[in-house]
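[1] Give the three-dimensional model of this entry:
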Amino acid sequence: MKLTFAYWGNYTIAFIALLRTLGVDFISPEKTNTATIEEGAKLSPSMYCFPLKVNMGNYLSSIRKGADTVLMVTSLSGSCRLRYYAAIEDKALAEAGHKVDFIIFNQSYKDIYSKIKEISQASNWTIFKAVCIFLKKLRMIERLEKKAQYIRPREKIRGEIDEVLKWSFQELDEKHNLKAISVLEKEIYQKIREIEIDRNKKVPRVGIIGEIFTVTDNMVNFDIEKKLGEEGIEVHREMNISYYLKKILFPCKDWIMQRKIMPYLKSTVGGNGRDAIYEMLGYGEKNFDGIVHLLPFGCMPETTVRPILEKLHKQTGMPFLSLSLDEQVAEAGIATRIEAFVDVVKNHYFRKEEKS
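    The predicted model follows:
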């Protein structure tokens, strides 16, 4: 068995570390690009979710290198089509002449552990060590992304934080034990402290909400966080893997979320639909200056809640931009919409500052 999995932005580093520490034979997915998306889209059902098409492109590049088994997460409930991904992908790949096996696991600690045990046959100690390294890298990735969101609109020399990030993620991928990772972490934060920023600079704040894969993978969303940061806007994003892990560990978080959004949505819609409403309400309470909603074209949960998000936009007055992404969307078109949105956000911010 030679495993592969879908490329998922900077998180790919953490997943590689997990499999490497477990001693699993695997092939790392190539970084998502235009060619992989186009290739995946050709084999996928035309009206299916955009993430599936991206994943298919990732799998194809690994299959050509010898991968014969795909490891992927699924969802066993709700209306999100993620629960059908494995069946659809298996059929599409088989029809194209690629026979592969799928190992799927649902979003529960028990199933994750059983699948890790199944594919690795590792001891409990090795699994514990692998999970610790995975979580350590995951935490570093998310903290560095948040640091960049704060620094980009304030750095005096544009691009310094992105150079540090690029170097940091390359180095992080090469560190294979907790001690080496901790040493690297100190070195990274020393480099970040050396970046000159204007701490007194007041900048507009924009929250990014939506479907988790589209929101967190910079190759899929055209690096929107970087684009907004370079335009002088501080980006905030709650949706990440840690957010999901906390919801699994603390089920009460889901109850709290549903209670808050009850006036707008009284039932689940699957995917990250309820999370988007919850996050937008939170950003409104914090007096943010804009919201960007990212979703795959045709995503049922996100499409269902978009009218609610538009209603909140009218109630709060926060500028709102909803971007539906698929293989047909061109970066130039996205850039134009972002530029127009930035102008609206800045006008909103300056009017608000004048009143205060």
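[2] In this structure residue 10 contacts residue 170, no?
    No: counting by CB atoms under 8 Å, residue 10 stays clear of residue 170, with 11.0 Å between them. C-beta: built from backbone N, CA, C; applies to glycine.
[3] Compare neighbour counts for the two and give me the winner.
    More neighbours surround residue 10 than the other of residue 10 and residue 170, with 22 against 10 (other CB atoms under 10 Å).
[4] Would you mind listing the residues in contact with the closest residue to the more buried one other than its chain neighbours?
    Nearest non-adjacent residue to residue 10, counting by CB to CB, 6 or more residues apart in numbering: residue 141, 4.8 Å away. By CB atoms under 8 Å, 6 or more residues apart in numbering, the residues touching residue 141 are 10, 11, 13, 14, 169, 172.
[5] what about the third one, which helix or strand?
    Here residue 13 sits within helix 12-22, counting by DSSP states H and E.
[6] Buried ones in that helix, by neighbour count?
    By neighbour count with 16 or more other CB atoms under 10 Å, helix 12-22 contains the buried residues 12, 13, 14, 15, 16, 17, 18, 19, 21, 22.
[7] for the next helix or strand after it, packing partners?
    For helix 12-22, the following helix or strand on the C-terminal side (DSSP H and E) is helix 34-43. Here helix 34-43 touches helix 50-63, helix 85-95, going by 3 or more CB pairs under 8 Å, 6 or more residues apart in numbering; DSSP states H and E.
[8] switch to 7 Å and redo it
    helix 50-63 (3 or more CB pairs under 7 Å, 6 or more residues apart in numbering; DSSP states H and E).
[9] Export the very next helix or strand once past the helix it packs on to CSV, keeping only CA atoms.
    Remark: after helix 50-63, the chain's next helix or strand is strand 69-73, criterion DSSP H and E. Taking Å, rounded to 0.1, in the frame of the first residue of the first chain, the C-alpha atoms of strand 69-73 are listed here in CSV:
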residue,chain,number,x,y,z
THR,A,69,-4.5,4.2,-2.0
VAL,A,70,-6.2,7.5,-1.1
LEU,A,71,-6.6,8.6,2.5
MET,A,72,-9.4,11.1,3.0
VAL,A,73,-11.8,12.5,5.6
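[10] Show me how far strand 69-73 is from its chain's centre.
    18 Å (CA atoms, centre = their mean, to the nearest Å).
[11] circling back: and the contacts of residue 141, which two are the farthest apart?
    11 and 172 (11.6 Å; CB to CB).
[12] who has more neighbours, those two?
    residue 172 (22 against 19).
[13] For that one, report the pLDDT, please.
    Note for residue 172: predicted pLDDT of 97.
[14] now do the one 3 residues further on
    In this prediction, residue 175 carries a pLDDT score of 96.
[15] before we move on, what about residue 76?
    55.
[16] how close does the residue nearest to residue 10 get to residue 327?
    26 Å (CB to CB, to the nearest Å).
[17] now residue 309
    Relative to residue 327, and taking CB to CB, residue 309 is found at 24 Å.
[18] wait, is residue 332 part of a helix?
    Yes: applying DSSP: H, G, I helix; E, B strand; the rest coil, one finds residue 332 inside a helix.
[19] and it, how many neighbours?
    Residue 332: 8 neighbours (other CB under 10 Å).
[20] and if you look at residue 128?
    Using other CB under 10 Å: residue 128 sits among 11 other residues.
[21] Please enumerate residues in contact with stretch 221-228?
    149, 152, 162, 206, 208, 214-215, 218, 235, 292, 294, 325, 331, 334, 338 (CB atoms under 7 Å, 6 or more residues apart in numbering).
[22] Now with 8 Å, please.
    145, 148-149, 152, 162, 206, 208, 214-215, 218, 235, 237, 292, 294, 323, 325, 331, 334-335, 338, 342.
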